[in-house]
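A.B. asks: Here's a sequence, model it:
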Amino acid sequence: MKTIKWYLSPFSIVNYIALCLLSLAMLFPFMYVISVSFSSYEDFLRSDFMFFPKTWILTSYEFILNSKPFIRAVWVTVKLTVIGTFVNLLFTTTFAYSLSRPMIGRRVIMLFVVFSLLFTAGMIPTYLVVLETGLMNSLWSLIIPVAISPYNLIVMRQFFLSIPSELNEAATIDGANDIQVFTKIILPLSKPSLAAFGLFYAVAHWNNYFTGVLYLNNPKDWPIQVVLRQMIIINEPNTTLGILSEHAPPAETIQMAAIIVATLPILFVYPFLQKHFAKGVMLGSVKG
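C.D. replies: Predicted coordinates for the structure are as follows:
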């Protein structure tokens, strides 16, 4: 019976060691945040760095989950992510499909799309547009200005161009109009691409905080990332969460627990879309 000999070149060994060290370096901050969020304040003060908490307690999680401002911010973020992702996919797919069909002025419109990909208006002009259109202090101020990503639009258009034109012609001969072709033929074939770009849009909405700081002045309208900014950067966790109890956990453990709660929901989305993710990103990236 032949024995299989495994051989690794010196470069592969060094490469594996370097990647393992890099993975550990990225893992340490996450473990630190998790450990502090589950630790007591005494254990937190005694150790400079904790990889595992000595005593597991849920006090910080109980306080933030009983905080109405925090729960309201999570709900605002969920609405922003769901509605924003739907609007993004709706406008991106319809616009990309229109540009993939023969139409007058298609090249000119594509030039404008590419131009917007390379050059953006900037923060001040965008703020003035949001202000003059009456979108200030509204959830739509975080959605409409970023309704279409030029990069995603171009890749989606290339994917639509890669679909055989015979399918469109056969559906047209059977009496289907453009809307029926788009909804009953094109979209079902685009599930991997929709899953990939939907994930991109959802993560962007979930992690967005800068436009929330610019356009939302009412704390009741803040998404979770703006609340985390108030808690961590400005260091006002108790005031932001409305915690007035004398027995409240220390600010450090509340901050870490809030980070974990704000991060987990979007992480749970990845396993459900993983099988479509790699395929969807590569679709439309070959044909020019």
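A.B. asks: give the contact list for residue 138.
C.D. replies: By CB atoms under 8 Å, 6 or more residues apart in numbering, the contact set of residue 138 is 215, 221. (C-beta placed from N, C-alpha, C; glycine too.)
A.B. asks: Phi first, then psi, for it.
C.D. replies: phi -130, psi 150 (degrees, to the nearest 10).
A.B. asks: So which helix or strand of the protein has the lowest pLDDT on average?
C.D. replies: Within the chain, no helix or strand scores below helix 237-241, which has a mean of 61 by mean pLDDT, DSSP states H and E.
A.B. asks: In this structure residue 40 contacts residue 60, no?
C.D. replies: No. Checked against CB atoms under 8 Å, the pair residue 40 and residue 60 is beyond contact range at 9.7 Å.
A.B. asks: Check the contact lists of these two and give me the overlap.
C.D. replies: residue 253.
A.B. asks: For the two, work out which one has more neighbours and name it.
C.D. replies: residue 60 (28 against 18; other CB atoms under 10 Å).
A.B. asks: Compute the distance between that one and residue 68, please.
C.D. replies: The gap separating residue 60 from residue 68 is 17 Å, by CB to CB, to the nearest Å.
A.B. asks: so where's the chain uncertain?
C.D. replies: Within the chain, the stretches with pLDDT under 70 are 1-8, 45, 47-50, 234-249, 273-288.
A.B. asks: Which helix runs longest in it?
C.D. replies: Determined from DSSP state H, the single longest helix within the chain is helix 68-100.
A.B. asks: Enumerate the positions of stretch 41-61 that are buried.
C.D. replies: 41, 43, 44, 50, 53, 57, 59, 60, 61 (16 or more other CB atoms under 10 Å).
A.B. asks: ok, of the residues you listed, which one's closest to residue 254?
C.D. replies: Set against residue 254, the nearest of the buried residues of stretch 41-61 by CB to CB is residue 60 (5.2 Å).
A.B. asks: how close does the residue nearest to the closest one when sequence neighbours are not counted sit to residue 132?
C.D. replies: Nearest residue to residue 60 in three dimensions, chain neighbours excluded: residue 257, at 3.8 Å (CB to CB, 6 or more residues apart in numbering). Residue 257 is 40 Å from residue 132, where distance means CB to CB.
A.B. asks: Of the two, which one has the most company?
C.D. replies: Per other CB under 10 Å, whichever of residue 257 and residue 132 has more neighbours is residue 257, with 26 against 9.
A.B. asks: burial measure for the closest residue in space to residue 94 that isn't next to it in sequence, as a count.
C.D. replies: Of all residues not flanking residue 94 in the chain, residue 182 sits nearest, at 7.6 Å (CB to CB, 6+ apart). Number of residues near residue 182 (other CB under 10 Å) recorded here: 20.
A.B. asks: Quick check: residue 182 touching residue 97?
C.D. replies: Yes. Between residue 182 and residue 97 there is a contact at 5.5 Å, judged by CB under 8 Å.
A.B. asks: what ranges do the helices span in the stretch 151-288 of the chain?
C.D. replies: 165-173, 178-181, 187-189, 191-207, 210-215, 224-232, 237-241, 251-267, 269-282 (DSSP state H, counting those that start in this stretch).
A.B. asks: Now do the shortest one: distance to the chain's middle.
C.D. replies: With CA atoms, centre = their mean, to the nearest Å as the basis, the distance from the averaged C-alpha position of helix 187-189 to the chain average is 23 Å.
A.B. asks: who's in contact with the most centrally placed residue in the chain?
C.D. replies: Geometric centre of the chain, nearest residue: residue 203, 0.6 Å, by CA atoms, centre = their mean. Residue 203 is in contact with residue 266, counting by CB under 8 Å, 6+ apart.
A.B. asks: Please tell me how far it sits from residue 269.
C.D. replies: Taking CB to CB, one finds residue 203 at 8 Å from residue 269.
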